[in-house]
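>>> Okay, sequence plus prediction incoming.
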Amino acid sequence: MTAVAAEPVTMARALNRALADALTADERVLVFGEDVGTLGGVFRVTDGLAVRFGEARVFDTPLAEAGIVGTAIGMAMNGLRPVVEMQFDAFAYPAFEQITSHLAKLHNRTRGRMELPVVVRIPYGGGIGGVEHHSDSSEAYFAHTAGLRVITPGTPSDAYSLLRAAIECPDPVIFFEPKRLYWAKDPSPLTTGTPLDAAVVRRPGTDVTLIAYGPTVPTALESAEAADVSVEVIDLRSLAPFDDATVCASVRRTGRAVVVHEAPAFLGYGAEVAARVTEQCFHYLHAPVARVTGFDIPYPPPMLEKHYLPNVDRILAAIERLQWDDTVELPDA
Amino acid sequence: MTAVAAEPVTMARALNRALADALTADERVLVFGEDVGTLGGVFRVTDGLAVRFGEARVFDTPLAEAGIVGTAIGMAMNGLRPVVEMQFDAFAYPAFEQITSHLAKLHNRTRGRMELPVVVRIPYGGGIGGVEHHSDSSEAYFAHTAGLRVITPGTPSDAYSLLRAAIECPDPVIFFEPKRLYWAKDPSPLTTGTPLDAAVVRRPGTDVTLIAYGPTVPTALESAEAADVSVEVIDLRSLAPFDDATVCASVRRTGRAVVVHEAPAFLGYGAEVAARVTEQCFHYLHAPVARVTGFDIPYPPPMLEKHYLPNVDRILAAIERLQWDDTVELPDA
Amino acid sequence: MSTVATPRQKLSRDLLPSAEPLQLITPSGEAVPGGHLPDDRVLLDIYRRMVIGRRFDAQATALTRQGRLAVYPSSHGQEACEVGAVAALRTQDWLFPTYRDCVALVARGVDPVETLSLLRGDWHLGYNPYSHRVAPQCTPLATNTLHAVGLARAAAIKGEDAAALVFVGDGASSEGDTHEALNFAGVWHAPVVFLVQNNGYAISVPLSKQSAAPSLAHKGVGYGVASMLIDGNDPAMVYTAVQSALEAAQAGEGPTLIEARTYRIEAHTNADDASRYRGEDEVLSWLARDPIDRLDRYLTARSVLDSETRTRIADEAEAFASSLRDRMNADPMLDPAVLFEHVYATPTPALRRQAAKVVGP
Amino acid sequence: MSTVATPRQKLSRDLLPSAEPLQLITPSGEAVPGGHLPDDRVLLDIYRRMVIGRRFDAQATALTRQGRLAVYPSSHGQEACEVGAVAALRTQDWLFPTYRDCVALVARGVDPVETLSLLRGDWHLGYNPYSHRVAPQCTPLATNTLHAVGLARAAAIKGEDAAALVFVGDGASSEGDTHEALNFAGVWHAPVVFLVQNNGYAISVPLSKQSAAPSLAHKGVGYGVASMLIDGNDPAMVYTAVQSALEAAQAGEGPTLIEARTYRIEAHTNADDASRYRGEDEVLSWLARDPIDRLDRYLTARSVLDSETRTRIADEAEAFASSLRDRMNADPMLDPAVLFEHVYATPTPALRRQAAKVVGP
Ligand SMILES: Cc1ncc(C[n+]2csc(CCOP(=O)(O)OP(=O)(O)O)c2C)c(N)n1
Ligand SMILES: Cc1ncc(C[n+]2csc(CCOP(=O)(O)OP(=O)(O)O)c2C)c(N)n1
Ligand SMILES: [Mg+2]
Ligand SMILES: [Mg+2]
C-alpha cells in the first residue's frame, strides 16, 4: 500500500499514471490499441506513454478490435501482459468472440497451464453527449461470461489502484472506465494494494443500502446526501466476482436495498444484484430490491439522454417506494 | 390457427416444416447460412429446402457469421425476410456487433421507417455431448439487448408455431433452438397463430411455480411429476419480452418460484426472472425465488456435462428448500 | 440535383489495380492526355455540388462552435469523392455512407438539417432512408459494407435494376467486416461498389500503421473483385470510376473495389487535435491538390466556368449555408416518448410502463 | 498443371502466388525437373511420420465407432500438410492447429492420448501447450490466426528466435479474423506463417461458394504478405515451402501466406455424410494423388525406401495404434472438481460453494 501521489488528479490522469507505473514496474507490460500511441488516446488516457516507453511497448494498431484482443491473447501466451484499449463501449463488440470464447476460457481450457493476464480497457457509459454507439453500458455481457473479471472504478484513486491490480492479476480483466468521470477529481492519494474483488462502503448509513458502481457512484452519493433516511452507499468496484460479504452484511443491517446503473434494467447487472441479495437476505428485506436503471431501449441520442440516465430524483423516488410504512403497495415492474 | 400436421414429428422436423411453409407462404422469405443448402444443415433442419425452393432462396454462404447477419440486414432493408442460421451457439459470437449495434437498433434508429424482419436461428445448449463451443447457452447476451425478440421453443409444436410467428414478425428475432430437443417428438398438431410473446402454463399446480424454457422444459415437467408438492410448470417461450402477466399471476397464487436454465447463474436469465418476479410478487413470496442453473464456469467437456446440467434432483432439492416449514434458513448463494 | 447521362470511358475490369492512381485531370487543372473526360455539363454540376458541399461543411463546423452540433467530422478536401461518387449514382441506386459523408448526403439531395440530426443529437438519424435511398450514416466502422452487399444481392434476387455504393475509410478497411463483405460480394457477384476513401489517417493512425499492402485496392484480387486505384482528389476520375463500376454492376459484371487517394484537411472531428499526429507541411501539400480548385481550373480553361457562373454558384452555396444556419438555430422539438415508440414495431407492455414514467401516463 | 519450385533458399517472396500450384514431386513419384528436393533423410522421416499419422487417424476413426471418442475429424489425405509443415518447425517454433490437425500434433510429438482428450471429451485440451509449443487445437474458426500473430509478434518484441505456424481451413479463410490476422502480420512484419489447407470443402460447402478469388493465396498481396500456392499433397513441397517461409520469418523478412491444395478423403467428421455433397469420382481422383503413395514411390525409386524399411515403419505405426487403442480403452479418471479449479487462477468464494454442491464439501 504505497502512496503514489497526493495531488488531486482526474480519473483520466490517474489511469495514465497507473499505466505509466505498470510499464515502469514490469517490462512485460504493453499498451496498445487504436490511437493510444501517438495521439495518447481519444481521452488522453495514454498520453505521453509512447514517447516515454517507446513504440515497441506502447503503440497504435490497425483498426480492428478482434485483432487487438486476439493478438493480445497470443502475446499473453508468450509471456507478455498486454493492456489493450477498445476506443468506446460499442466498439468492443467486434472482439466479442475473442473475449468470450478465448480470453475468458483459455486458462480453464488449459487447466491453468496458460495464464491470460490481459486487461481490456473499455471507456463506457453515457452522460457525455456522445452520438450513438458511444454511450453503451455493456458490462452485463462480460459479467455473465465466466472466466472474466469485470472491474469498474468510481473514483480517480480507485481507478489508479484497481488498474494497477488488474494489470498484476493473472486473470483476464475487463476494465470498464466510466467516461463521464474521466474529468472528475479526487484528492485521495494514489495507492496500490487495493484488492481486486472487494466492494467498498463509500458512505455509511443505517436505513437503506444503495448499491452503485462506476459512473453512478457520484450520483448515489449525492442521492444519499439528499435523502431523508440514512443511506449506506456501496461502490461495487468488482462486478465479477461479486462481493457478497460486503453487500449482504449491509443489506442485512439496513433491510432495504436499491441498485443503480445506466444499462437497461432487463438482465442488466442490477438483476443479478437483486436476485442474489434477495437469495441471501430474503428475511431481512422489508421491500423488494429496487432497480434504478436505464430503460429497456437503445441508448438515446445526446439531447434525450437526460431522460434516460438514473438521477438523484429517480433514486430518491425509489428509496421512498421501499415500503417504509409497511403498506403493501406493489412497485412498478 | 390452422392445423398443419397431426403426425408426431421431431422438433427438427417441425422446424423444417415451418421453414418450408414460410417459404411457400411468402416469396420474400430466404433461408441461408453455413451448410444449410446442399447439406440441409448439420442438424438437418433445412433438409430438402434448397432442392424444393431453389438455390436463389435457400443457399450456403461463405463461412463468416458477421457476414451472414450483416448481409441479412441489407437484404431486409431491401424488403426481403431472411432467416439465417448460426451453426452453433458459440459461433454466433462473431456476429455480435452486427446483431447488437444494427439488427437490434435499426428500427429504432430510423424511427420505424426501416423494419428488420430477420430471424437468426441459433441451435443452443448442451446435453448432446458436444465438444467445447458447441453447448453454450447464450440467451442472456441477446435478451439484455433492447430491440431484439428472443424466443425459444420447448416442444416440437411450439417450434413450428413460434418459428412461423417469428418469420412473420416485423421485429428481429433471435430464435434459440434447444439442440438436445431436436429429436424430441410431440403428437400435437402443428398450428399457426401462437402469439410470439406469451408464456404458457404447461402443467397446472398450486404450491410452487417452476419456470423453464427451451431445453429445460421437459426436465421441469419431469420434476413436477416427481415432486411431492403441486408444481405449476411455466414454459416461457418468449425470453424477451417477458410475459409478466402469466408468470406473476402464477407466483402470486403459489407463493413460491423456481427458475431453471442451463446457462451460468451469474447474470443468467434467471437473474432477471428472480428480480422482476420479486419486484411484482414480493409480499406473496414465502421464500426467495430459487435458481437452478448451470454453474459459473465455462461449459464442461462432454464427459462432465452431467455434473453441470440442471436435473430433476437439483430441481427437487431447490423446491424442498423453499422454506415450507417457515424456518428462516438462508439458501446458498 | 440530377445528373445528365454522358458517354464514358470503358475502364478495364482487372483484378489488380494500376501501380499509380488513375487520373483524368491533373492538380493544375489540365486534362490527362488520352483520358476520356465526362461531359462538361456533368462536371459543372459536380463543381456546383462540391462548392455547396464545402460551404455546408464549413457551416457545420461553425455550428459546433456555437454548440449547435455535438460533433462534426469534416470532409473538407474529400469533396471529389463525396460528390463525384454520388453524381454517378442513379435514382434507384443506394448509398451507404459513414459519419464522414455528410457532404455526400447533401449532394444526394438529403435535407441538410435532416442530415445533421445525428450530429446535433436530436435523433440517431434525421432522414427517411427510403426517400433518397441513403442508408443511415454508419458509425461502427465497416459494418455497413455488409449491409450494402446484402441490399445489392437482394436487388439482384428481386430482379431490380439497382446497385449499392458503400463508402469505407482506410482505417475501416482493416476491420473483418470489410473482408467478409468483399468476399460475399465476390462470391455472389453482387452489384455493389466499394469506395475506399483513403484519406491517409484513421483519426491519428497513418496508413503505414494500417496496412503494408502496395495499395488498399490490392485487396480486391483476394476476393475476385475488380479493383481500381484512383486519384481521389480528381472529381472527373472519381465520377468516371464509380460510374463505370456501377454500370458493370448493373450489367451483371459483379462488384468493384475502388481506392481513392485523398486527404482530410481538417482534424478528425472538431474535438480532435490533428497537430498531435501530423505536420502543417503535409496539409499544405494536399491543399495544393484541392479538388475544387482543380475542377475550377479545368472548367475555366474550357470556358465552361466563368466568373459569373462562379459567383452564382458561390451565392447559391451561401444561401444554402445561411438557410441551414437559420434552421439550426431553432431548438428541435423533442418528445422523449419517441425513445420508447420504435424499439419494437409495437411497444411492449413493459416499455409502455417505462415510457409513462418519463412522459407521464 | 503445376509449376516447378525453385531451390528453397531462393523460393521467391513475391506478394502474388504462381498461377499454378508449385510442386517438387509429381503424383506418380517423380521429381519435377529442376526442383531442389529436401534431403532424403528428411523425406524418409516425413514418410515415417505420415504413415504413423494415417494409422493414428484410422485408429481414431475406429475409436468413434467404439464410442471411445465423441467425434473425430479425419485428415486422411492431408498428411503432406499435417506432417510436411510440422517437420519444418524447429523446437522453439510454435504450432497453432485446428480441430482437423491431430496428425500434426502427433507428428510434433504430442502424446496421442493427450491429443485426443478434446475429442474423447474428458477435457477441452489434454496436453500442456508449452511442452511442445503447440497451442490448443482451435474450434472457433480462424480465431487462432490472431493468436499466432500475437505470439509471433511477442517473440520479436522479446528478441526470441521463434516463429509461429498457423493452420487455417479454406472455409476459415472467409472469417474476418483471418483478414485481421494477415493485416496485423503484414503491418508488424511478424514472424508467422499461415498455412491454408485448402481441402476443397468447409463441411459441405465447396470452394466455389467460399471464394471467387483466383486462389486463396491471392489474399496475401492485400496485406503486403508474401504468398505461395503449392501442391498440398506433395510432402516435399509443403516441407520446402513452410521451411522457406519460416526461415524468412526468422530472418526478419516477415510473414508468409501459403495455400496448399489438398483434399479431405473422409467425411468432415464421423458424424457427417459426405455423399450428400460430393461424388465418389472426385474422391477417387484425389486418392490417385495420395501423398503417402507419392513419397513412397519417390523414395523407393531413389532406393531410400525398401520393403524392409517400409515394413518396419508399418510395424511402428501398428504398434503406435495398438498402444493408443489400449490406452483409450481405459476410462479416463474424471473428477468434476476440476470444473471449478481453473476458471480463475484462484477459485472465487462463489465457485468454491458451487464446487461443494457437486463434489461435496
Ligand atoms: C468498430 C469501430 N471501432 C472504432 C471506432 C472509433 N473510430 C471512429 S472513426 C475512427 C477512425 C476511422 O478511420 P477511417 O476508417 O480511415 O475513416 P475516416 O475517419 O478517416 O474517414 C475510429 C477508430 C468506430 N467508430 N467503430
Ligand atoms: C466461427 C465458427 N463458425 C462455424 C463453425 C462450425 N464449423 C466447424 S468446421 C466448419 C467448416 C470448416 O471448414 P474449413 O475451414 O475449410 O476447415 P476443414 O474442416 O475443411 O478442415 C464449420 C462451419 C466453427 N467451428 N467456428
Ligand atoms: Mg481515414
Ligand atoms: Mg476445408
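That came through, no problem. Ligands and ions are numbered 1, 2, ... in the order given.

>>> CA only for contacts and neighbour counts going forward, please
Will do.

>>> those helices in the stretch 1-150 of chain A, which residues are they?
Assigned by DSSP state H, counting those that start in this stretch, the stretch 1-150 of chain A shows helices spanning A:11-25, A:49-53, A:65-77, A:96-97, A:106-109, A:139-143.

>>> The shortest one vs chain B: in contact?
Yes: looking at helix A:96-97 against chain B by Cα under 8 Å from any Cα of the partner chain, the contacts come from A:96, A:97.

>>> What is the burial count for the closest residue to residue A:128 other than its chain neighbours?
Spatial nearest neighbour of residue A:128, excluding adjacent residues (Cα to Cα, 6 or more residues apart in numbering or on different chains): residue A:180 at 5.8 Å. A count of neighbours around residue A:180, defined by other Cα atoms under 10 Å in any protein chain shown, yields 19.

>>> in what helix or strand does the closest residue to residue C:89 other than its chain neighbours lie?
Leaving out its chain neighbours, the residue that sits closest to residue C:89 by Cα to Cα, 6+ apart is residue C:243, at 7.2 Å. Secondary structure assigned from DSSP states H and E places residue C:243 in helix C:235-250.

>>> Does anything pack onto that helix? Which helices or strands?
helix C:40-65, helix C:79-88, strand C:192-198, strand C:226-231, strand C:256-261 (3 or more Cα pairs under 8 Å, 6 or more residues apart in numbering or on different chains; DSSP states H and E).

>>> again, 7 Å this time
On a contact count with 3 or more Cα pairs under 7 Å, 6 or more residues apart in numbering or on different chains; DSSP states H and E, helix C:235-250 meets helix C:79-88, strand C:192-198.

>>> do you know which of those lies nearest chain A?
Chain A sits nearest to strand C:192-198 of all the helices and strands packed on helix C:235-250, at 13.6 Å, using Cα to the nearest Cα.

>>> Tell me which residues are up against the closest one.
C:148-149, C:152, C:163-170, C:245-246, C:249, C:255-262 (Cα atoms under 7 Å, 6 or more residues apart in numbering or on different chains).

>>> Does ligand 3 have contacts with the helix or strand that that strand is followed by?
Going down the chain from strand C:192-198, the next helix or strand is strand C:201-202, by DSSP H and E. Yes: Strand C:201-202 is in contact with ligand 3 by Cα under 5 Å from the ion, via C:201, C:202.

>>> Sheet partners, orientation included, of strand C:201-202?
With DSSP bridges as the test, strand C:201-202 is paired with strand C:205-206 (antiparallel).

>>> Is the partner strand positioned near ligand 1?
No: applying Cα under 6 Å from any ligand atom, one finds strand C:205-206 separated from ligand 1 by no less than 8.1 Å.

>>> per-residue confidence averaged over that strand?
Strand C:205-206 shows a mean pLDDT of 98.

>>> Can you name the next helix or strand after that strand?
Heading C-terminal from strand C:205-206, the first helix or strand you meet, by DSSP H and E, is helix C:207-210.

>>> before we move on, the earlier item: who wins for proximity to ligand 3 among the helices of the stretch 1-150 of chain A?
Judged by Cα to the ion, the one of the helices of the stretch 1-150 of chain A that comes nearest to ligand 3 is helix A:65-77, at 16.5 Å.

>>> So what's the gap between that closest one and the chain middle?
22 Å (Cα atoms, centre = their mean, to the nearest Å).

>>> Show me where the chain dips below the pLDDT cut-off.
Picking chain A for this. Applying pLDDT under 70 to chain A flags residues A:1-6, A:326-333.

>>> Sorry, I should have been clearer: chain C.
C:1-10, C:361.

>>> May I see the helices and strands packed on helix C:235-250 arranged in JSON lines, with mean neighbour count as well?
Shown next, in JSON lines, are the helices and strands packed on helix C:235-250 (neighbours: other Cα atoms under 10 Å in any protein chain shown):
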{"stretch": "helix C:79-88", "mean neighbour count": "30"}
{"stretch": "strand C:192-198", "mean neighbour count": "28"}
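
>>> residue in the stretch 1-150 of chain C nearest to ligand 4?
For the stretch 1-150 of chain C, Cα to the ion, closest residue to ligand 4: residue C:146, 23.6 Å.

>>> follow-up on the earlier one: which of the helices and strands packed on helix C:235-250 sits closest to residue A:235?
Proximity to residue A:235, assessed across the helices and strands packed on helix C:235-250 by Cα to Cα, is greatest for strand C:192-198 (45.5 Å).

>>> downstream neighbour of the lengthiest strand in chain A in the secondary structure list?
Secondary structure of chain A per DSSP state E: the longest strand is strand A:257-264. Moving toward the C-terminus from strand A:257-264, the next helix or strand (DSSP H and E) is helix A:269-281.

>>> and that following helix, is it in reach of chain B?
Yes: Helix A:269-281 lies within reach of chain B by Cα under 7 Å from any Cα of the partner chain, at A:269, A:271, A:272, A:274, A:275, A:276, A:278, A:279, A:280.

>>> For that helix, name the packing helices and strands.
Packing contacts for helix A:269-281, counted by 3+ Cα pairs under 7 Å, 6+ apart, involve helix A:244-254, helix B:269-281.

>>> rewinding a little: separation between the residue nearest to residue A:128 and chain D?
Look at residue A:180 and chain D: by Cα to the nearest Cα, to the nearest Å, they are 31 Å apart.

>>> What are the phi and psi values at that residue?
The phi/psi pair for residue A:180 (degrees, to the nearest 10) reads phi -80, psi -10.

>>> what does residue C:204 give?
According to degrees, to the nearest 10, residue C:204 has phi -100, psi -10.

>>> Just the closest residue of the stretch 51-200 of chain A to ligand 2, please.
Taking Cα to the nearest ligand atom as the measure, the stretch 51-200 of chain A has residue A:97 as its residue closest to ligand 2, at 8.4 Å.

>>> one step back: want to try TSV for the helices and strands packed on helix C:235-250, with distance to residue B:58 as columns?
Converted to TSV, the helices and strands packed on helix C:235-250 look like this (distance: least, Cα to Cα, whole Å):
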stretch	distance to residue B:58
helix C:79-88	33
strand C:192-198	21
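
>>> The stretch 1-150 of chain A against chain C: which residues are in contact?
Counting by Cα under 7 Å from any Cα, the residues of the stretch 1-150 of chain A that sit close to chain C are A:35, A:38, A:39, A:60, A:61, A:62, A:63, A:64, A:91, A:129, A:131, A:132.

>>> So residue C:347 is in contact with residue C:341, correct?
Yes: using Cα atoms under 7 Å, residue C:347 is in contact with residue C:341, at 5.9 Å.

>>> Brilliant, that's me finished.
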